[in-house]
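Asker: please work out how this folds:
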Amino acid sequence: MNNLLRTKILLTGGGTSGSVTPLLAIADELNSDKYEFLWLGTKKGPELKMVEKENIKFKKIVSVKLHRYISLYTLLYTALAPVLFLAGFIQSFFIILKFRPRWILTTGSFVSVPVVWAGFIFRKKILVHQQDARAGLANKLMAPLANVVTVTFEKSLDDYGKEAKWTGNPMRTKVLEAKSKNFFTLKSELPLIFIFGGGTGAEFLNKLVLDSLPELTKFCQIIHITGRSRASAMKKGFSNYFQYEFLDYDKMIEAYKRSSLVVARSGLATITELSYFEKPSIIIPMPNTHQTVNATLLETESAALILDQAVLNTDFFIKKIEDVLFDENLRKSYGKNIKKIIKRGAEKEIANIIKNF
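Answerer: Numbers count the residues shown, from 1 in each chain. Got it, this is the predicted structure:
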C-alpha cells in the first residue's frame, strides 16, 4: 500500500520493557499494510532492541526522569530537568511535524510526556493506557490531554473520568501462542525457576540470587535475566544456572512456558504475562513504588506469594522457594487465581478504538 494512504501512528514509551510490550501488542493487532509506525524512546533503555526486532522505525529523544532518592547527582540532575524536558519537547515537536501521525499511543513513561504535550499542540488524537493499579506521574501529566484513556483495572476508571475505558492490559497474544522453539537445553528431571527483575535489572534481586545459588542449584534449574546491572558480574560456573543480560521476547516466552515457578518484580507487563500463562510466582515488589500497589492486589486475591524486600534474606528466600515449588496444590492455586487478575482482549479492543474513533 502507498505510504501516503497508510494511517500513521506514533508509539512512545521506554526506559523499561514494561511500557513497551503493551504497545507492541496493539501494533500486532493493527494491519501493517494499513498502518505505519514510528517509535520515540529513550537513548539507553531496552526498547530499542525490542522495537527494531519488530521492524518498527525508532528515534531516540532526550528524556528526563525524577529520581526517588536524594544525592548530589540527583540534585544536579533535577536542576537540569527543565532543560532536558524542553529539549525532548522540541525534538518531539519537529518529529511530529515531519511524520504527521494521526494517533499518538503511550502506556505511561517519562519519555512520553513531552511527546504527548507536543502532539496536543498539533491536535493529534492521543490514547493513554494506564497499566498499573495506581496512576503514575507521567500518566497524570498526559491523561488530561488524551482523547481516550484505557485502564487495566476497573477500579482505575474513577481516576480518569468519562474518557476512560476498562480494557485490561494488552498482550502479544499472537507471540504468546506461538509454538516453542526450544532455545534452552534443560534437564527434564529438575524443575525450572525463571527469575528476572525487569528490563533494567534489579540490583537487590540479582545479589539475592547470587548468594542463593549454592543451595538453589541443588534442587532446581534457574534461568536468570540480570539486565545491565552492577550485580550481574555473577558466577557462571554453577551447574543448572543460566544467566542472561537480556532475552528476546520469544525466548522470554519459552522461559515462561517451561518454568515451574517465576520470581519477579510486580510491573504490570510481568503480571499480565503471569496471568496469561497461569504461572505460580513469588513477587518481590520494588519498595515505595507503584509496584507495591500491584503486589497488594495480587496478595488480596491470593494470586502470588509476596515477599517484602526490606526483611528478605538468603535463607528465607530459599525456604520460600522450596515452600512454593514443592507444594503442587499451592502452585495450582496461585496459577488459577492470577489468571483472573487481568481482563483479556485489551489489544483487540484498543485496536478497534483506533480503527473506529
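Asker: surely Leu141 meets Ser112?
Answerer: No. Under the criterion of Cβ atoms under 8 Å, Leu141 makes no contact with Ser112, lying 9.3 Å away. To be clear about C-beta, it is placed using only N, CA and C from the backbone, and glycine gets the same treatment.
Asker: pick out whichever of the two has more residues nearby.
Answerer: Each of Leu141 and Ser112 had its neighbours counted (other Cβ atoms under 10 Å), and the higher figure belongs to Ser112 (32 against 17).
Asker: now do the SS call for the more buried one.
Answerer: Put simply, Ser112 is helix when judged by DSSP: H, G, I helix; E, B strand; the rest coil.
Asker: for it, give its distance to Asn55.
Answerer: The span separating Ser112 from Asn55 equals 22 Å under the rule Cβ to Cβ, to the nearest Å.
Asker: strands of this protein, start to end?
Answerer: Assignment of strands within the chain using DSSP state E yields the ranges 7-12, 35-41, 57-60, 103-106, 125-130, 148-151, 164-166, 192-196, 221-225, 241-244, 261-264, 281-283, 305-306.
Asker: which stretches in this structure count as helices?
Answerer: Read by DSSP state H, the chain holds these helices, from start to end of the chain: 21-29, 47-52, 72-99, 113-121, 137-142, 157-160, 173-176, 203-219, 249-258, 268-277, 290-300, 314-325, 328-339, 346-356.
Asker: for Gln131, find the nearest of these.
Answerer: Proximity to Gln131 (Cβ to Cβ) singles out helix 268-277 among the helices of the chain, at 3.8 Å.
Asker: chain center to the closest one, what's the gap?
Answerer: Here helix 268-277 shows a centroid-to-chain-centroid distance of 9 Å under the convention Cα atoms, centre = their mean, to the nearest Å.
Asker: between helix 346-356 and it, find me the angle.
Answerer: Helix 268-277 and helix 346-356 meet at an angle of 110 degrees, taking axes from the mean of the first three to the mean of the last three Cα atoms, to 10 degrees as the criterion.
Asker: what is helix 268-277 packed up against?
Answerer: Judged by 3 or more Cβ pairs under 8 Å, 6 or more residues apart in numbering; DSSP states H and E, helix 268-277 is in contact with helix 21-29, helix 173-176, helix 249-258, strand 261-264, helix 290-300, helix 328-339.
Asker: how about the strands of the chain in JSON lines, adding mean neighbour count?
Answerer: Supplementary listing: the strands of the chain in JSON lines, determined by neighbours: other Cβ atoms under 10 Å:
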{"stretch": "strand 7-12", "mean neighbour count": "23"}
{"stretch": "strand 35-41", "mean neighbour count": "24"}
{"stretch": "strand 57-60", "mean neighbour count": "16"}
{"stretch": "strand 103-106", "mean neighbour count": "26"}
{"stretch": "strand 125-130", "mean neighbour count": "24"}
{"stretch": "strand 148-151", "mean neighbour count": "25"}
{"stretch": "strand 164-166", "mean neighbour count": "17"}
{"stretch": "strand 192-196", "mean neighbour count": "24"}
{"stretch": "strand 221-225", "mean neighbour count": "24"}
{"stretch": "strand 241-244", "mean neighbour count": "18"}
{"stretch": "strand 261-264", "mean neighbour count": "24"}
{"stretch": "strand 281-283", "mean neighbour count": "23"}
{"stretch": "strand 305-306", "mean neighbour count": "20"}
